[in-house]
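**Student:** Need coordinates for the below:
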Amino acid sequence: MDEHVLHILLGFAGVGATFAGFSGVVAVFGRRAHGEWLPEDLFRLRNLMFMSLGVCLLAFAPLVLTTWHLAQARAWALASLLMGAGSIVYLLYARPARLRLRRERPDLMPTWATAVFIVALTGAAILQFLNIVGLFFDRGPGPYLAGLLALLCVAAMQFAFLVIRPLAPAV
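**Tutor:** Prediction:
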């Protein structure tokens with residue numbers, strides 16, 4: 001594996017772990033420290049934890065697969081299969097909660113944030129599928145790293161909403 005790709009994977013894992021760790025710090029401050037979690041905060045925390053810890057796990061997947069002495073293309077295809085399947089499964093898992101929140105509190109979940117969430121996960125899944133079949137580009141780290149970056153962007157957005165939320169008045 002290229003050393004540059006290795007550094008990027010480890011960097012992504014570090015950023016994902018940082019988001020997960022700081023979400024605990026956010027939970028300690030404000031109303032949340034006293035168990036006063038709003039449904040949208042729980043939804044965002046769940047998304048943040050899945051995305052950030054998912055990035056950590058997925059950043060190490062190609063590294064572990066290469067220890068099995070698989071061909072590089074096969075290792076990237078298997079890692080892409082994990083990310084693509086995980087993205088689709090989580091998108092389907094989060095949909096009912098997202099719809100319930102939009103129905104109960106329509107002004108709280110910005111449409112643009114929902115669009116970013118759906119586009120990022122769908123885009124990551126499509127990139128991984130293209131990487132698996134080798135369509136438009138050779139199997140390799142590029143689409144995989146782009147997918148990890150998309151998941152990190154969603155985690156960053158969820159983290160921002162969690163941090164900004166305590167500044168808003170309690171409903």
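**Student:** Could I get the contacting residues of the most centrally placed residue in the chain?
**Tutor:** What sits nearest the mean C-alpha location of the chain, by C-alpha atoms, centre = their mean, is residue 51, with 2.7 Å. Contacts for residue 51 were tallied using C-beta atoms under 8 Å, 6 or more residues apart in numbering; they are 16, 19, 151-152, 154-155, 158. For glycine as for every other residue, the C-beta is placed from the backbone atoms N, C-alpha and C.
**Student:** try residue 87
**Tutor:** Counted by C-beta under 8 Å, 6+ apart, residue 87 has contacts 121-122, 124-125, 128, 147, 151.
**Student:** what about it, which helix or strand?
**Tutor:** Using DSSP states H and E, the element containing residue 87 is helix 72-104.
**Student:** For ChimeraX, what selects the buried ones among the contacts of residue 87?
**Tutor:** In ChimeraX, selecting the buried portion of the contacts of residue 87, with burial taken from 16 or more other C-beta atoms under 10 Å, looks like this:
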select :121,124,125,128,147,151
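**Student:** Buried residues in the helix or strand harbouring the residue nearest to the centre of the chain, which are they?
**Tutor:** For residue 51, the element it lies in under DSSP H and E is helix 39-67. Judged by neighbour count using 16+ other C-beta under 10 Å, the buried positions of helix 39-67 are 40-41, 43-45, 47-52, 54-56, 58-59, 61-63, 65-66.
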